[in-house]
Each structure stands twice: as C-alpha cells, then as structure tokens.
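J.: could you look at this predicted model? Sequence included:
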Number of protein chains: 2
Amino acid sequence: MSKKQKNTIKSYSVAKGNKREKKQESEVNYQEVNWPKASIDNLHPADAADKLEDLPLEKQKEFILSQPIEISAESIAEMERHERIALMSTLPPALAADLLEEMSPDDATDILSELDPDVRAKILKKLEKEDAVRIKDLLKFDPDTAGGVMNTEILVLDRNLTVDQAIQLIRSNAGEIEIPYYAYIVDEFRHLIGVLSLRDLLLSLPARTLKDLLQEQQQHLIFVTYDQDKEEVARLLGRYDLLAIPVVDYDMRLLGIVTADDVIDIIQEEASEDMQTMVGAGSDETLSTPWVYSVKKRLPWLIINVFNSAISAYVVHLFEGSIAQMAILAVLMPIVANQAGNTGQQSLAVMIRQLALEPFDPRKFWSAVLREAKIALVNGCVVALCVYSGVYFWTHNFHLALVMGLALLLDMILGAVAGASIPLILKALGRDPAQASTIFLTTLTDSGGFFTFLGLASWLLLR
Amino acid sequence: MSKKQKNTIKSYSVAKGNKREKKQESEVNYQEVNWPKASIDNLHPADAADKLEDLPLEKQKEFILSQPIEISAESIAEMERHERIALMSTLPPALAADLLEEMSPDDATDILSELDPDVRAKILKKLEKEDAVRIKDLLKFDPDTAGGVMNTEILVLDRNLTVDQAIQLIRSNAGEIEIPYYAYIVDEFRHLIGVLSLRDLLLSLPARTLKDLLQEQQQHLIFVTYDQDKEEVARLLGRYDLLAIPVVDYDMRLLGIVTADDVIDIIQEEASEDMQTMVGAGSDETLSTPWVYSVKKRLPWLIINVFNSAISAYVVHLFEGSIAQMAILAVLMPIVANQAGNTGQQSLAVMIRQLALEPFDPRKFWSAVLREAKIALVNGCVVALCVYSGVYFWTHNFHLALVMGLALLLDMILGAVAGASIPLILKALGRDPAQASTIFLTTLTDSGGFFTFLGLASWLLLR
C-alpha cells in the first residue's frame, strides 16, 4: 500500500522501503549514504543507544552510518536527552531528516521539539512534505499532554466493515503499523465509537459487522482528550490495565493512541521528577547529565534554602540570651528539628506518591492530613517519652526534660501536618506538588522546633 | 476446547462457563449464589474496587454478590492490599475459592500469599484440583521475582506448525487466553526458541512454518529466568519497549510471561517504595492504610533517628563551652547543617532514581560520586560566598564569616559525597539502596556540619 491511499484504513506510517529509494534519486544535498542492511548481528536499538552515549560526539556519526538506518534512527530515539540534542544538532540537516523519517512520528516530534529553533527549521525543510506536515501538526500539542505523547500510526476501521474484511485489511496493512493489537472503530466522520482487539476479531464470525460486535461487547470505552495531562493518561492506562489508550478531540474524533511502553517511560520520568524536584535537583538529571547543567538546576534552590534557613537562624537569634545562659539548649535543639523534619518527610513522601498514583480528590486528600496528624501524635508521644527519659537521665533536670519532650511532640505534629499539606497547597496553587517541598518543610520544622523548644525553655526554665 | 486438551496449544486458563455450572451441581457447602450477568451497566472492575474500598466490611460481601462473578473477582484483585486481606479473610472459603478461580492465576496466587496460612489452607481445599495445583506451583516462586509475578495463561505454538495452522489454533483458543498479542514458539521439549506477534503471523504466507519465520526475523530473543528480580524484569521490558517478556527456567523451558500492565504496577510500587522507605515510612503505605500500620512502620525509624540525632547533639555538647562564650554560634550552626543536608539529598535522590532505572554498574556509579562532589564544590563555593557576605554584613566579624563559609563548603561536599555513596554502600551490602538513607545522611551532615563549624570557630575565634 502506498502512503497516499486514504480509504477505510488510514495508515500514517512512512512507507519506508520506497521512500528511501526515491530520496536517493531526488536528493544529492549530502553525500549519499550506503546504509548497511539489518541482520541478527546488529545491536538492538536500546543497546546501540548505550554504545552511542559512550562514544565521543565525532565518533557518534561514524557509528550511526555503520548501522542500518532503522536501527540508527531508533537508537537515537532511545538516547538520553542531552546526548541526543548534541548529536542531532551536529548532523547535516538532510541526514537528520532521513533519520527522523524512520522514527515514529511521536519520537521524531519529541526530538525536533528539543532542538534549537534554527536547527529545527533547517531539518523540517529537508523532511518529505507529508512527514513535515504531520510533525508540524504534532509540534502544536503541549509535550506534557496526551497529544504531545500520542502515536499517530494507528489502525482505524470503519464500523460497517465485516470481520472478514477487517482481517483482510489488517493483513494487507500490518507492515505499516507499529502495534496493531487494538483496532479502533470509527463512524464516517472518524468519530471513535469503539475498540476491538485482534482477539475479538479472530473470535468472531467472518460475516458479522464491526458495529454488531461492538454492540455485543458492552464495553466501557476508555479514552482521553488530546489536552489531558500525560500523567493522567498514564494513570488511566495503568488503572484499566490497557495496552493502549485512544486520544480524541472534543468532537470524539480519533487523533492517535498512547501505548503502554510510552506510559512506562512517562511513569519513570514522573517518579524521577518527583523524587528529584522534591529536594531541588533537576527533574531530568541522570548520572550522565553534564555537571554544569546540574549546578544550574540545583543552585537556585540551595540559595533559596539559605534564605529559608536564615529564618530558622533568626528564631534561634531571638533566644540568644537564653542560650548564653544555658548552652545545653543549643545541644538539644537540633534533635527537635531533626526529628520533626523526619516525621514531616514521611508524611510528605506518602502524600506525593499518592498524588502520583491517584486522581486528586480534595476531600479525600485533605482528610488524609488528619490521618498523618494522628500517626504523628502517637509516634510523637513515644519518641517524646524516650527523649524525655534520655534527657532526664543525662541532666537530672526534670523541667528541661519536660520542655524537650513537649517541644518534640508539638514539632512532630507540626511536621506531619506541614509535610502532608505542602504538596496539597502546591497542587491547589497549580504548581508541581513535589517541587522543593522538602526545602519548605524543613524551614517550617526547623523554625517551629527552635521556637517551641527555646520558647518553652525560656518561659519555664529561665524566668 | 476443554481445559484437559494438551496438544500444541497449551492454554492454562480456566474454562469458566463450564466450570461454574459443574460446581453448582457438585457443591452445596455454601448457599448457592445467583451471580448476575455482565452488562454495560456494570462497573469496570477498577471502579468497582474503589467502590468496594469505600464500603464497610459487612457491606462489601453484599456488593460482591450484586456484581457478575468475573467483575467481582477482578475488582477484588484490584483492591488495595490491606482492604483485600480483610475482605478475603471474612468470606466463606468456598465463595473465596470461586472468586479466585475467576482470576488470572498470578492474581489469585498474590492474594493467597497475603492471607493467613490457616485461611489460605481452607481456601486451597475448596479450589478445583487443577487450579489448586497450579496455584501451589506459583506459590513456590518468590513474589519479588519474575516467577512470582508471571502470568501462565499464554499462547504456546510448536515450531513445526504452519502459519495457517497457527492462526486456526489461535482462533479456536482465543477465548481462553488473556493477551494473545505475542505467540511463543517452542520446540518439542517446550524450550523457548522465539516469539512471533500476531502481526508477524498475519503478514506471512499461510503455508510457511513458524520455524522458517523465526529464521528470517533475525530477532533478538529477550527473556528472563524465573528467579530474576521483578524490578530487573520491569527494567528490561521498559528498555526494549515490549508488551510482554517471557519467563523461562534454566533449561530455557517456557514458564510464563510478564506483561506491560504488570510492569506498570511493579514500577509504581518500586517508586513508592523508594520514596517512602528513604525517609523511613512503610514501603506500601497509602492514604487508606490503617494508621496503626503506619505507626508500626515509621516508629522504629524515628527511634533510630533519635539515636542518630543524639550523635549530632553530642558533637554540639563537645563545644558547649564555646557556645556559652558565643551564643551566635548556636544561631548559625543550623544553617550549615540544613544546607549540607539539602545538598546531600539532591545527590541521594539522583542516585536512587538511577539505581531504579539502570542496571548497577559499580564503575559507572562510583565515578558518579565524583560528579556529585564536583557539583557540590561549585554550588558550595557560591553558597559559602553568599553566606559569608550575609554573616559579615550582619555581624561585621570577618573571622566568624570566614569560619561559616568554610564550614558550609566542607559540609556541603561531605553531604554530596555521603548522599551519593549511601545508596551504593547499602546496595553493596545487599540492602535496599533507599532504606532510611535520608536518616543516615542527615546524621552525617548534622554531625559533620556542627563539628567543622564549632571546631573551626573554637580554634580560630576563641583561642
């Protein structure tokens, strides 16, 4: 089937074999490449990507030309972001375009969107017109939404086809389409009306129409709109154990699908983002991120943290007189702050993970803050009792031990409530619930701990 | 096809319709249930699970009997662990057995393995013999390995079949098998020799044998052994963008598959585990975990943290004399500790996520510790300069400002090296790299910070 064909099956894939030949006739802008043929000796693209990342930039191009084009293209798609940007920016635009044409449109779009606008424009000019149009369309979607991660190479079947016709069509087009496990059934206006698996088709009588099959299936049609957050898409696919989820516009017209392997990447990215931004590291940092990039990402938060810890230092400063009278207060105060910080981080961690796993239901999440307070109350009592005994045993100062125990309990409850609330407040403000949350939390538990402990001590011990 | 049939296609699924009728004849141990039939009005199992979790225990049984058995069974499989254990333990064993028989064997095994041994034994007795044998086999696998999460309902085809025969067999057995997207090709001893997708089959000439197809495909056969860690399985499936990965024994005999939707669950669990155990919360805590369970999980780490902060308090105690002379030291010392703690947590977060995403390569990971030190050196210089200026501006004490800046720089580097190393040391000791890592880190950065700052101050300012 040529890629021009526009009947009941609309395949958006690139007709690879033909195109490459055509290109070699028509284009002489860069030295023609004799791509080797694929064989069992070739690396898997994921492994080739690792190999590429280990090579210096000037050797990477050589390596790419030594592999079959489909493997080179896929391995670039698998590379780490920073390495990939560096490589694609140095390749001749015509070669970059050839490689992009081999990729699935969503991967090609991702890569183009990362590049410098100048480089992007040059490569777009070298793309086949049809590919360029499709990629420009995809570039319009926000990369954090369903539209930004969807795959447009899908199997679309008209509802009036019979099962037998459908199977014939799939058979004659299977080469073009990435993952034809689900077939998407549409009406004459390309409105999505149902999903059938190949298994459903194989199980049915050949003469039945797809429409009839759908009616019997009594299925829950699960889909997302193109502007839904990609994390929400991942959550839905995971929740309903799907291999792919269809993406539609507001008229229910089918635009593409997001597949389980994309979702695995989204979930992994999201988990890294949460854990890393929580403490003010870059959301996309890895071991191979250039260290200057990491400095740029982390430094602003460390500076903010200086100001935040200046607040807790100011609280201590208020009680400098008490400390001068009784230096043991300075010995004990870090225990209060540290313990409350740890308690708060426990609540914070559970809350951030729940926000990643479940759709946000304010009532449920805010009532979970109470749960955290309850846990901190019990843990606080036990810890306070331990510390009370320890301090009493060490100093034989009943009042000091009491102040310490009380301050600990209060600060631990503060820590839990703050730890559980911070992500919810950030979420309510429309911010990333994890971003720098540990930094804000520590400011609160430090200041709160120093204030209750030094305040109580000044009041009860030093009047 | 009856479930007894043992030819080229071995389907391990339960012949659901037939069995239920048979059971109703032969068993009268508990009141016979008139399960309703499935219809479009029924909830999706994932939604039914949410509904179940919101109901009190005594209403849950009622709700289960109001849904078709296949939906009830699947929704129990989707429930949260704690809720599920409570429910399954209170159901009559015969009803519990009926529900388990409706589930995929891996889900049924998961649930049984969570239950009290007594309850488990009672339910196992009520299972159909064949199901009981299969589940007992699966119970032998460590739940954290490929064997423990694999699905045994798979499509297995002999290599000598023709494409046409294969498609016919798939057609006649598709009802039995969960996800027949890949067909696994074996020799006469059930040794896995290759994988074909339905797409490969549909694309090929009907008269060709599967053996020939495999030879042409030049495929990289990717598989895991039953004892491989489930996180490693998830990593491989994600890396190679597969929808399912086969699980074999050491003779390459095919045992089952792990599918992408299982992997999504594994990755989510793992991300929660890392983030939560890092600060000493329970690995499986959620908002709906009973709060007493959370207390039990968190309290031991909080107590350990008390001892850890006693160490830093002891360091401060060593310098009590200096603090009595110069109370401002107590004001500034939390800034050092806090800043180094934050720096260390940034390194820790990046390292833990990389350990989750990449196979452990000691050389690569240990050299990443150097990268972290380099980042901390640069960030430390900038932060130290800021703090130096701030302290000098505030106190007009050049020496104090110098001591503060120096202590900060040293402690931030210590924090980064410790944050990056702790997960690697835990890993080398065969422990979970995340477990309580923040707690250990804070002990080091607090003690280290107090020691350098108070030590330098005593030496340079108070001689």
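T.: Yep, it's here. Numbers count the residues shown, from 1 in each chain, chains lettered A, B, ... in the order given.

J.: packing partners of the top helix by length along chain A?
T.: When chain A is parsed with DSSP state H, its longest helix is helix A:362-395. With contacts taken as 3 or more CB pairs under 8 Å, 6 or more residues apart in numbering or on different chains; DSSP states H and E, helix A:362-395 sits against helix A:328-357, helix A:398-428, helix B:291-318. The way it works is simple: take the backbone N, C-alpha and C, and place the C-beta from them, glycine included.

J.: with mean pLDDT added, can I get those in CSV?
T.: CSV is the format used below for the helices and strands packed on helix A:362-395 (pLDDT from 0 to 100):
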stretch, mean pLDDT
helix A:328-357, 94
helix A:398-428, 96
helix B:291-318, 93
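
J.: only the buried residues of the longest helix of chain A, if you could.
T.: A:365, A:368-369, A:371-376, A:378-380, A:383-384, A:386-388, A:390-392, A:394 (16 or more other CB atoms under 10 Å in any protein chain shown).

J.: ok so, going back, and the helices and strands packed on helix A:362-395: which comes nearest residue A:162?
T.: Distance to residue A:162, taken as CB to CB, is lowest for helix A:328-357 among these, at 42.1 Å.

J.: what angle do helix B:328-357 and that closest one make with each other?
T.: Inter-element angle recorded for helix A:328-357 and helix B:328-357: 30 degrees (by axes from the mean of the first three to the mean of the last three CA atoms, to 10 degrees).

J.: spatially central residue for chain A, please.
T.: With distances taken as CA atoms, centre = their mean, residue A:270 lies nearest the centre of chain A, 3.0 Å away.

J.: hang on, residue A:193 packs against residue A:160?
T.: No. Between residue A:193 and residue A:160 there is no contact under CB atoms under 8 Å: 11.2 Å.

J.: can you list the buried residues in the helix or strand that contains residue A:60?
T.: According to DSSP states H and E, residue A:60 maps onto helix A:57-66. By neighbour count on 16+ other CB under 10 Å, the buried set for helix A:57-66 is A:60, A:61, A:63, A:64.

J.: report the two of the residues you listed separated the most.
T.: Farthest-apart pair in the buried residues of helix A:57-66 is A:61 and A:63; separation 7.3 Å (CB to CB).

J.: quick one: residue A:206 and residue A:168 touch, right?
T.: No. Between residue A:206 and residue A:168 no contact is recorded; they are 9.7 Å apart, counting by CB under 8 Å.

J.: strands of the stretch 51-200 of chain A, residue ranges please.
T.: Secondary structure of the stretch 51-200 of chain A (DSSP state E, counting those that start in this stretch): strands located at A:156-158, A:182-186, A:192-197.

J.: deepest-packed of these, please.
T.: Comparing the strands of the stretch 51-200 of chain A by mean neighbour count (mean count of other CB atoms under 10 Å in any protein chain shown), strand A:182-186 ranks first with a mean of 23.

J.: from the rest of the structure, what touches that strand?
T.: Outside of strand A:182-186, the residues within contact range by CB atoms under 8 Å, 6 or more residues apart in numbering or on different chains are A:154-159, A:166, A:170, A:192-198, A:201, A:210-211, A:214, A:243-244, A:246, A:254, A:257.

J.: just give me how far it sits from the chain centre.
T.: 27 Å (CA atoms, centre = their mean, to the nearest Å).

J.: just the angle between that strand and strand A:192-197, please?
T.: 160 degrees.

J.: partner strands of strand A:182-186, parallel or antiparallel?
T.: strand A:156-158 (parallel), strand A:192-197 (antiparallel) (DSSP bridges).

J.: picking up where we left off before, dump the strands of the stretch 51-200 of chain A into TSV; add mean pLDDT as well.
T.: As requested, those are exported to TSV (pLDDT from 0 to 100):
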stretch	mean pLDDT
strand A:156-158	91
strand A:182-186	89
strand A:192-197	90
